[in-house]
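**Student:** what shape does this take:
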Amino acid sequence: MDYLWAGMILVGIVYGAFAGTLPDITTAAIDSAKEAVSLCITMLGVMSFWMGMMEIATQAGIVDALSRRMKPVMHFLFPRVPEGHTAYGYITTNFIANVLGLGWAATPAGLKAMEGLDALEEERRSDARERKMCAPKGTASEEMCTFLIINISSLQLIPINIIAYRSQYGSVNPAAVVGPGLVATLCSTVVAVVFCKVCQRVCPRGS
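**Tutor:** Modelled structure (predicted):
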């Protein structure tokens, strides 16, 4: 990605030099820098508020209550992850944050969940009875793939980031995307779950 962005910037500067529009490029760079700072300040306020709400919900036990309600869903999606395993809690926290549109808040939990799932796979490799059900070392496990795909599909009830972006750029009704966003992410999540389950049936681990 670093090379891609650097290449795009370099091509733009070279093209501007040949087209005689370097002053416009300079002006655009300065304006974009100011706009980026303004957007960062807006997003910092929005994300600080919602991450604070998430922390209050955690301290009040709301997140734990939602996690308990999600047990049937979690067992359906990750039947081989023990309920008391470290990854279990991180996965549910990540899902809850994503559903609330708190993608930035969901990232740390997602990374911890991946570490927990990798540790779980290592535990299985040490068990001769389950070794044949494990992915080769260095390969993402079945649970890791499922978690990543569902995380990318990301069902969202309130797309906080998009609402903040629309508000920053002067949208008359920033929350107008809530309905379409819910429908779109619901469809993508359903497709993701079906895809994962079909893959698990067609290519079961250990076959």
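**Student:** pull out the buried residues from the helix ranked longest in the chain.
**Tutor:** In the chain, taking DSSP state H as the definition, the longest helix is helix 22-59. Going by neighbour count (16 or more other C-beta atoms under 10 Å), the buried part of helix 22-59 is 25, 43, 46-47, 50, 54, 57. The way it works is simple: take the backbone N, C-alpha and C, and place the C-beta from them, glycine included.
**Student:** dump the residues you listed to CSV, plus pLDDT.
**Tutor:** Below are those laid out as CSV (pLDDT from 0 to 100):
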residue, pLDDT
Ile25, 81
Met43, 72
Val46, 70
Met47, 72
Trp50, 71
Met54, 73
Ala57, 75
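**Student:** kindly check the end-to-end length of stretch 65-75 for me.
**Tutor:** This stretch, stretch 65-75, spans 16 Å end to end (C-alpha to C-alpha, to the nearest Å).
**Student:** starting at the chain centroid, how far to that stretch?
**Tutor:** Taking C-alpha atoms, centre = their mean, to the nearest Å, the mean C-alpha location of stretch 65-75 is offset from the chain mean by 19 Å.
**Student:** same check on stretch 86-98?
**Tutor:** Worked out by C-alpha atoms, centre = their mean, stretch 86-98 lies 11 Å from the chain centre.
**Student:** for the helix or strand just after the longest helix of the chain, which positions count as buried?
**Tutor:** Per DSSP states H and E, helix 22-59 leads on to helix 62-69 as the next helix or strand towards the C-terminus. In terms of neighbour count (16+ other C-beta under 10 Å), helix 62-69 has its buried residues at 63, 67.
**Student:** stretch 6-22 now?
**Tutor:** Buried-residue list, stretch 6-22, by 16+ other C-beta under 10 Å: Gly16.
**Student:** so which bits of stretch 173-188 are buried?
**Tutor:** 174, 177-178, 181, 185, 188.
**Student:** start to end distance for stretch 171-178?
**Tutor:** Using C-alpha to C-alpha, the two ends of stretch 171-178 sit 14 Å apart.
**Student:** got it, and stretch 73-81?
**Tutor:** 12 Å.
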